[in-house]
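J.: mind folding the following:
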Amino acid sequence: MDLTGLRYVVVEGPIGVGKTSLARLLGERLGAELLLEAPADNPFLARFYAEPSRYALPTQLNFLFQRADQVKHLAQLSLFQRVVVADFMLDKDPLFAELTLAEDELALYRRLYAHLQPQSPRPDLVLALQASSDTLLARVRQRGIRYEQAVGADYLVRLSDAYVRLFHRYDAAPVLFVNTDGLNFVDNPDHLDLLVQRIAQMRGSREFFNVDAIG
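T.: Okay, here's the model as predicted:
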């Protein structure tokens with residue numbers, strides 16, 4: 001894969017997998033514009049973690065409108081002179097809705113989603129980050145965001161499984177699955193170098209990179 005030809009790269013994965021950190025580092029490496037989620041701007045998120053059943057719907061709808069607004073300008077991506085690196089893809093919004101909403105709330109969400117019809121350009125590459133639930137939980141605890149401390153292992157398992165299902169059927173762009181259990185892109189620049197090399201070596205539409213590839 002020709003890195004100089006990349007215009008839109010998405011880094012995705014469950015909470016705690018390191019997608020925002022990697023997006024920042026990769027964006028710096030590629031001289032890219034960053035498109036990052038802003039969970040701190042969602043006024044319902046902390047309340048959702050404390051009372052999921054009560055605040056799931058407003059949390060989800062807030063994220064839906066936020067993400068839709070963020071990708072609006074990507075409709076003119078071909079006019080950009082710089083690559084864009086994002087730490088989310090719009091396709092994952094229904095994933096969280098299906099995971100957190102009650103049946104009647106999910107029906108309402110789907111009606112709103114269909115009415116809104118949010119659109120974003122096809123990525124040139126998706127980096128699908130993965131990690132064990134133990135690794136995810138440890139990273140969530142380590143970063144110390146207060147309201148995230150209510151996240152449990154069961155939720156992380158269900159979320160990881162939902163991402164597996166999402167990417168099992170996803171075929172809109174090439175996907176590089178990255179097992180991050182043994183990787184530390186922030187503290188070990190060599191790991192970022194190896195990932196960039198692996199991206200450059202991609203020839204297929206679905207490939208894998210894990211700690212075994214480091215040797």
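
J.: all strands of the chain, in order?
T.: 8-12, 33-35, 84-86, 125-130, 175-179, 206-209 (DSSP state E).

J.: mean pLDDT, mean neighbour count and distance to residue 101 added to the ones you listed, as CSV?
T.: C-beta here means a position set from N, CA and C on the backbone, and glycine is covered the same way. Formatted as CSV, the strands of the chain follow (pLDDT from 0 to 100; neighbours: other Cβ atoms under 10 Å; distance: least, Cβ to Cβ, whole Å):
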stretch, mean pLDDT, mean neighbour count, distance to residue 101
strand 8-12, 96, 25, 20
strand 33-35, 92, 17, 25
strand 84-86, 94, 26, 24
strand 125-130, 98, 23, 23
strand 175-179, 97, 21, 26
strand 206-209, 96, 17, 29
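
J.: would you reformat those strands as JSON lines and include distance to residue 74?
T.: Formatted as JSON lines, the strands of the chain follow (distance: least, Cβ to Cβ, whole Å):
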{"stretch": "strand 8-12", "distance to residue 74": "7"}
{"stretch": "strand 33-35", "distance to residue 74": "7"}
{"stretch": "strand 84-86", "distance to residue 74": "7"}
{"stretch": "strand 125-130", "distance to residue 74": "14"}
{"stretch": "strand 175-179", "distance to residue 74": "19"}
{"stretch": "strand 206-209", "distance to residue 74": "23"}
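
J.: helices along this protein, start to end?
T.: 19-30, 45-50, 52-71, 93-100, 103-116, 133-143, 153-169, 189-201 (DSSP state H).
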